[in-house]
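In: Any chance you can model this:
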Amino acid sequence: MQAWLEVALRTLLSVVILFFMTKLLGKRQISQLSLFEYITGITIGSLAAYISLDLEATWYLGIVSLIVWVGVSLGIELLQLKSKTMRNLIDGTTTTLIKDGKIMEDNLKKERLTNEELLEQLRSKNIFKVADVEFAVIEPSGEVNVLLRRENQPMTPKHLGIKVGPEQEPQAVILDGKIMDEPLATIGLNRAWLNTELEKLGVSVDNVFVGQVDSYGQLFVDLFDDQIKVPVPQKKAALYATLKKCEADLEMFGLATESKQAKEMYEQCAKQLQNVISDVKPILHR
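Out: Numbers count the residues shown, from 1 in each chain. Below is the predicted model:
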């Protein structure tokens, strides 16, 4: 067999073997690596190159070495799952870098992290003052995670004492100008509804790059032609306006009637509707 053909065949074999062995090792091998996983990745890559190019050596020995490395990696992962001591030994532990707004210099030196690098990590999370940080740790993966002081945390409905319903995942119902029937069925809609919504927006399905339906049944579209402006869905705004109109009508009926009993009923209903509007306003009001 000619050398170039043998190299080509070995390379294809190496790619197939690497693919299946990486699948076997799991997703961590291609995301955030521990120290041992980093070493394993480099070694497996080197062995795959050896299998592809070393024509004079016994090439199948490289495959044996690959299998041993993968077997050792799987064994260590099983040990990590069963033993916290092994996890701490192999992956390491978290280290506190900032506590109560003060940098822990000794821990910074322990992790071989400079103050400039720490500030860079904070800026990547939109934090520009160390004093704004309540707590910061460096994870075994090397990522710095930060907890802001309570007064610097973003305001949420929970801080205001407002209960909100769960937010469902938006469904992509149009991709590259083609309707996706499965996501439509997932949210209980069909093509007839989708075509009606597209007619309201004045666009054709062929011109839609991405179309999504949110948990409130509103359709948002991004078009191939960016020069065309698409109106923003107004379902929530229309519902809010309808509720306010009902409240005003009830108050007007209460003022117009001469019956004391009817007047009290209208006023009570208007007050109850006002409470409902107050509860749903953060959701419906834009």
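In: and for stretch 140-158, what are the contacting residues?
Out: Applying CB atoms under 8 Å, 6 or more residues apart in numbering, the set of residues contacting stretch 140-158 from outside is 32-34, 91-94, 97-98, 101, 118, 121-122, 125, 127, 132-139, 163-164, 282. (C-beta placed from N, C-alpha, C; glycine too.)
In: Could you pick out the buried ones from those residues?
Out: Buried subset of the contacts of stretch 140-158 (neighbour count, 16 or more other CB atoms under 10 Å): 33-34, 91-92, 97-98, 118, 121-122, 127, 132-134, 136-138.
In: Just those residues: which are in strands?
Out: 97-98, 133-134, 136-138 (DSSP state E).
In: Thought residue 46 was touching residue 66, still the case?
Out: No: between residue 66 and residue 46 there is no contact under CB atoms under 8 Å: 10.2 Å.
In: Between these two, which is the more surrounded one?
Out: More neighbours sit around residue 66 than around the other of residue 66 and residue 46, counting by other CB atoms under 10 Å; the figures are 20 against 12.
In: secondary structure class for that one?
Out: Following DSSP: H, G, I helix; E, B strand; the rest coil, the label given to residue 66 is helix.
In: Quick check: it vs residue 41, distance?
Out: For residue 66, the distance to residue 41 under the criterion CB to CB, to the nearest Å works out to 12 Å.
In: Check residue 193 too.
Out: As for residue 193, its distance to residue 41 is 48 Å (criterion: CB to CB).
In: same deal with residue 150?
Out: In this structure, residue 150 lies at 41 Å from residue 41, with CB to CB as the measure.
In: Looking at those two, which one has more neighbours?
Out: The residue with more neighbours, out of residue 150 and residue 41 and counting by other CB under 10 Å, is residue 41; that gives 16 against 8.
In: Noted, bye for now.
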